[in-house]
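Participant: no sequence on this one, just coordinates:
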């Protein structure tokens, strides 16, 4: 799928008599041309104020747009109307978007993101303004030598110059430190272990962390096994660094301690404030006001067997219209969360602070309290529930003929699990599904076959990446790890949800309503080139050029299908992809090969979906709970925040799985396992255990007595003398040498002998295009050339 450019007919012409105002700072939208000397439209003014906070006084705005005389008086009236509508607010002489940061702000640096970058938030922030925006701290470059910019660290309070972020998908702002106001000692999380005679040690929860020594006078209230926060006390020339306990979080001996480590380490809000719970408890069931009565339509929910909330229901039937012979009508109904969670309410502010629900093997940290998510907005069988529904018509070829949105009251006809519905279709109905097989399930599967024809024509990216599930014992430890079977029932729901998401984006565009899209850019040129070099080593070609489509990658996957390197190619294609994010600017969805896509189907667990629901309610005139002008003006910031929170959740979930598996395998040190090389670096090999989905590391110094050469193009490590080595995707036998459960780290030793590297690779090495790595100071090895 190619990246979707804007329609060139929407771009302003660059011609005589027109001038791009403030082009270096804030260009107009693609569909607008701004006349120099005339007061620009409200949306252009709002964008200029958001992107140029340091030039947002009335005088600076007039200067930027070349306004004089009468135009300045008109500008004053427009700015006053924006202020009255709540779209801007005046601070001193400057104008700011509500919830926007002033040009110079005091920040507290609280966390690092998954790339290790420092993230700060304003030191003072009103709850009524929503979640405090994140600021990516730009540190001075070491390469430039001595810099006048102060270097900040985790836990510092700083005065920073604020700039709107240029990159999508991260924090809404970047900040340059002007001055460090309060240099705090770094806070470190770890598990306290007491030692005889008093004091103790802090075991790190980070894979790159080190043990710390806690002297008896600095243990505070910590007991053996407590998760604690410490500050570094002092660093001596010898021995372990010292630390002082500052805060006791709780014992890690409890059943759910593993996920609690990730919750605290990543700063995930997990306790609902009292005012939020009170607001949820006070909520009353929705009435028929502003709703259509669809309670007689036999919508059904199909979810995992252990699901506690049910936010989507489906129905399908043949299209009776003579204009659509062989066509189908698919209805998707989604819980009407926007009715209960109103903008700027306590529930709304807390939901935005969380961004999404976070799913751990042992718990869920929900975006909304259970009164909302598991009760009022759960589409329970036989219970009246409010919903937003989309009715879609498809031709027999799977092409959409039209759709419409409705605010309804529904009553679920049945609560089914994926396996239950699939078994009924496969000829094994139970007492419950037997009665629904003919009237409900078979029409759903017929509609799914119709939608599949459209999907096959669309050709989305078809990666085969198994998703593992961890089953825990009552004590919170791992019982087993398995890959759930991918059923047609899963694909049916997935495809119907995708179509509903597309319909939401299309409707909002047609209504010229601002929204938050789910966008996925095509792979960067650099990633394309890396993949191209790798594929060339397998005699698989990847076309050059900036415009790629998903079916180009599908062709590559097809060529690798059934080959020894199939897994390796799937892995590399996945790594080449960009990360999907939320954005009010549409660039299409590369992976799904869709021009317009928004998240609509899970407002219980994703804030982006709640915003889309509100936008539909407002633009279609469906009653209360719609998007407000203030929210619409803040969509850039909201999209940046929830994209950041999504990555935070993914990192926390991944860390928890790593810790659980490391704990599960900690009693099996010395045992051998079948693995697969999942990463090759200068420092060594990453190996995945397919049975567990766990990754471990093999340092290059333990690979053998040969001198190993890292070959980035071939994603391989090979011995210079023997020509034996290891390549990405190779099956290997490894021995577990060390497991560190608290950090989720595994270290392996290689048991398998390397395979003979292809002649082309050895020629590649001899040509000198290589990076050497030190195999360690062992007999039969030698240091790299630069150290001889």
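Facilitator: Here it is on my side, so go on. Keep in mind that what you see is a predicted model, and the values were worked out from it rather than measured.
Participant: count of neighbours near the closest residue to residue 355 other than its chain neighbours?
Facilitator: Excluding the flanking residues, the one nearest residue 355 by CB to CB, 6 or more residues apart in numbering is residue 645, at 2.8 Å. Placement of C-beta: from N, CA and C, glycine included. Around residue 645 there are 25 other residues, counting by other CB atoms under 10 Å.
Participant: Ok, residue 264 next?
Facilitator: 18.
Participant: just checking, it touches residue 247?
Facilitator: No - between residue 264 and residue 247 there is no contact under CB atoms under 8 Å: 9.8 Å.
Participant: For those two, list the residues in contact with both.
Facilitator: Here residue 264 and residue 247 have residue 229 as joint contacts, going by CB atoms under 8 Å, 6 or more residues apart in numbering.
Participant: Tell me the buried residues in the helix or strand harbouring the residue nearest to residue 355?
Facilitator: Residue 645 belongs to helix 635-665 when elements are defined using DSSP states H and E. Buried residues in helix 635-665, counted by 16 or more other CB atoms under 10 Å: 635-649, 651-653, 655-665.
Participant: And the helix or strand that comes right after that helix, what's buried?
Facilitator: Where DSSP H and E defines the elements, the next helix or strand beyond helix 635-665 is strand 672-681. Buried residues in strand 672-681, counted by 16+ other CB under 10 Å: 673, 675, 676, 677, 678, 680.
Participant: can you list contacts of strand 672-681?
Facilitator: Counting by CB under 8 Å, 6+ apart, 567, 571, 685-691, 695-696, 710, 715-717, 726-736, 748, 751 sit against strand 672-681.
Participant: what's the angle from that strand to helix 635-665?
Facilitator: Between strand 672-681 and helix 635-665, the angle comes out at 140 degrees (axes from the mean of the first three to the mean of the last three CA atoms, to 10 degrees).
Participant: next one: strand 672-681 to chain centre, how far?
Facilitator: Its chain's C-alpha centre and that of strand 672-681 lie 26 Å apart, by CA atoms, centre = their mean, to the nearest Å.
Participant: In the sheet, which strands lie alongside that strand, parallel or antiparallel?
Facilitator: Strand 672-681 has the following strand partners under DSSP bridges: strand 684-689 (antiparallel), strand 731-740 (antiparallel).
Participant: Can I get those in CSV including distance to residue 73, mean neighbour count and mean pLDDT?
Facilitator: Formatted as CSV, these follow (distance: least, CB to CB, whole Å; neighbours: other CB atoms under 10 Å; pLDDT from 0 to 100):
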stretch, distance to residue 73, mean neighbour count, mean pLDDT
strand 684-689, 66, 22, 93
strand 731-740, 69, 18, 94
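Participant: looking at the ones you listed, which is closest to residue 288?
Facilitator: Shortest distance between residue 288 and the strands paired with strand 672-681, using CB to CB, is found for strand 684-689: 53.8 Å.
Participant: tell me which helix or strand of the protein sits lowest on mean pLDDT?
Facilitator: Lowest on mean pLDDT, DSSP states H and E among the helices and strands of the chain sits strand 771-772, with a mean of 44.
Participant: and residue 111, what does it touch?
Facilitator: 118, 119, 154, 266, 267.
Participant: 10 Å - rerun?
Facilitator: 117, 118, 119, 120, 121, 134, 154, 155, 265, 266, 267, 648 (CB atoms under 10 Å, 6 or more residues apart in numbering).
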